[in-house]
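Enquirer: could you work out the structure for the sequence below:
(2 chains)
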Amino acid sequence: MVTHQHVIDATQEIFETMIMVEAKAGKPLDKPVTSFEKGMTSMVGFAGFRQGMLAIHTPENVALDITTLFLGLEVDKIDEDVIDALGELANMVAGSIKPLIAKDGVDVELSLPSVIHGSEYSMTTLADSETIVVPFSLNAGDFLVELAFKADLR
Amino acid sequence: MGNNVLIVDDSNTMRKIITRSLRQAGLNFDNILEAGDGQAALDVLAKEQVSLVLCDINMPTMDGIEFLKNKGSDEAIKDIPVVMVTTEGGSEDIVHQVHQLGASATIKKPFTADQVNDIISPLI
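Expert: Numbering: from 1, shown residues only, chains lettered A, B, ... in the order given. Next up is the predicted model:
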């Protein structure tokens, strides 16, 4: 069973190792956030033995900051580099969590990352899912990591 | 053989991060070549002298597994060492599979420059 702590450990390891900043974890949320303004959401799906998805929700300014730190390049607008960096970030967090949910390590596949962004958008996971949502803080602001699984399979 | 390294990943971000890690690790190559998927990597290997390949697994068009199969069946390039860079490092089956297909080593994301150095130095 995947716990809040697994999500925190996976996310913090990736930030500390690949981005070299500390992502401070906050108190997990009781339910997912579904509406976003001036934000970016990167997602990777789990399919096979267990179905679900890992999403990282960031305000645009936090996405820019993460990309700048990730690539060592100054970025000041949402472009292909930002989309690619946030997609890769979701891919790495999902990849770290995958062994915890896979049966013998082989029956869960990761999708290629998808990224959505815009001035205003909503995102709703299917009603019969179970979710873990953990807020994290960086100097530039906060972001959320959401893990959702089809009910009773977490 | 030229001292060139080929980085194969559909993510431009990861190609940049791997390039940065190679430099941080003090691993010096004459040229760092890039490809966005397995087929593009085979195209590069057909034209360029490459001493090491760093390859993602999960890619569109031709993934890392198919790349290893194709490379392994080509006498001209089958002996070039390949290090698989993957988020799938937690899966022993994936690691076993890529080694069976001829990969020399695997690096699990996230990775440090020291880890990159430890794994790649013996291969070059």
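Enquirer: who's the residue most central in space within chain A bridged to?
Expert: Nearest residue to the geometric centre of chain A (CA atoms, centre = their mean): A:Ile56, 2.7 Å. Beta-bridge partners for A:Ile56, by DSSP bridges, are A:Ser42, A:Val145.
Enquirer: wait, what's in contact with it?
Expert: A:41-43, A:86, A:89-90, A:93, A:143-146 (CB atoms under 8 Å, 6 or more residues apart in numbering or on different chains). No exception for glycine: its C-beta is placed from N, CA and C like everyone else's.
Enquirer: try A:Val133
Expert: A:28-29, A:31-33, A:144-147.
Enquirer: same check, this time on B:Gln97
Expert: Listed by CB under 8 Å, 6+ apart, the contact partners of B:Gln97 are B:Ile65.
Enquirer: and B:Phe67, by the same measure?
Expert: B:Phe67 makes contact with B:8, B:37-39, B:41-42, B:55, according to CB under 8 Å, 6+ apart.
Enquirer: quick one: which of those residues has the most company?
Expert: Using other CB atoms under 10 Å in any protein chain shown as the neighbour test, these are led by B:Val8, with 31 neighbours.
Enquirer: chain A versus that one, what's the distance?
Expert: 15 Å (CB to the nearest CB, to the nearest Å).
Enquirer: could I get the pLDDT score of that residue?
Expert: The per-residue pLDDT reported for B:Val8 equals 97.
Enquirer: list phi and psi for it.
Expert: phi -120, psi 110 (degrees, to the nearest 10).
Enquirer: show me what it is bridged to.
Expert: B:Ala35, B:Cys55.
Enquirer: that one reaches B:Ile32, doesn't it?
Expert: No - checked against CB atoms under 8 Å, the pair B:Val8 and B:Ile32 is beyond contact range at 11.7 Å.
Enquirer: I'd like to know how many residues surround the closest residue to chain A within chain B.
Expert: Residue of chain B nearest chain A, by CB to the nearest CB: B:Thr87 (2.3 Å). Using other CB under 10 Å, B:Thr87 has 26 other residues around it.
Enquirer: what's the pLDDT at B:Gln24?
Expert: 88.
Enquirer: need the contact list for it.
Expert: Contacts of B:Gln24 (CB under 8 Å, 6+ apart): B:113, B:116.
Enquirer: sorry, back to before: in strands only, show me the contacts of B:Phe67.
Expert: Among the contacts of B:Phe67, DSSP state E puts B:8, B:55 in strands.
Enquirer: just the contacts of B:Phe67 now: which is nearest B:Gly64?
Expert: B:Cys55 (4.9 Å; CB to CB).
Enquirer: do you know how far that closest one is from A:Ala25?
Expert: 33 Å (CB to CB, to the nearest Å).
Enquirer: could you report the pLDDT at A:Gly72?
Expert: Value listed for A:Gly72 in the pLDDT field: 82.
Enquirer: so it touches B:Arg20, yeah?
Expert: Yes - between A:Gly72 and B:Arg20 there is a contact at 6.3 Å, judged by CB under 8 Å.
Enquirer: pick out the residue closest to the middle of chain B.
Expert: B:Leu54 (1.5 Å).
Enquirer: any chance you could map the helices in the chain?
Expert: Using chain A here. A:4-14, A:60-71, A:80-101 (DSSP state H).
Enquirer: wrong chain, I was asking about chain B
Expert: Using DSSP H, helices in chain B cover B:12-24, B:38-47, B:64-72, B:92-100, B:113-120.
Enquirer: cool, thanks, signing off.
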